[in-house]
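Participant: sequence unavailable; structure follows:
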């Protein structure tokens, strides 16, 4: 039986490979579809039709500039989003304790 953390790791790997398919990388379109399905609130709040382009550029997801996002870059994206969410969570928890 997997621990909760192992399950999280497995889910992250599974999501990447589900959208990457046999090619082993995400295209910009793959990343857009994955983001729309798995992070719906994120793109919804962006209100920018070029949000995925900006994410790929600003976060250097496409390091080789070949239009491909490998697993390491995808993991960096999910880590960055998780870190940002955690920062808001910590602030919320501190606010909640003060009440």
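Facilitator: Received, thanks. This structure is a prediction, so every number in the text was calculated from the model and none was measured.
Participant: give the buried residues for the lengthiest helix in the chain.
Facilitator: As assigned by DSSP state H, the longest helix anywhere in the chain is helix 71-98. Residues of helix 71-98 classed as buried: 73, 74, 76, 77 (neighbour count, 16 or more other C-beta atoms under 10 Å). C-beta here means a position set from N, CA and C on the backbone, and glycine is covered the same way.
Participant: wait, which of those is closest to residue 11?
Facilitator: Closest approach between the buried residues of helix 71-98 and residue 11, by C-beta to C-beta: residue 74, at 12.8 Å.
Participant: that closest one and residue 26 touch, don't they?
Facilitator: Yes - using C-beta atoms under 8 Å, residue 74 is in contact with residue 26, at 6.3 Å.
Participant: helices and strands of the chain: which one bottoms out on pLDDT?
Facilitator: The helix or strand of the chain with the poorest confidence is helix 51-58; it has a mean of 61 (mean pLDDT, DSSP states H and E).
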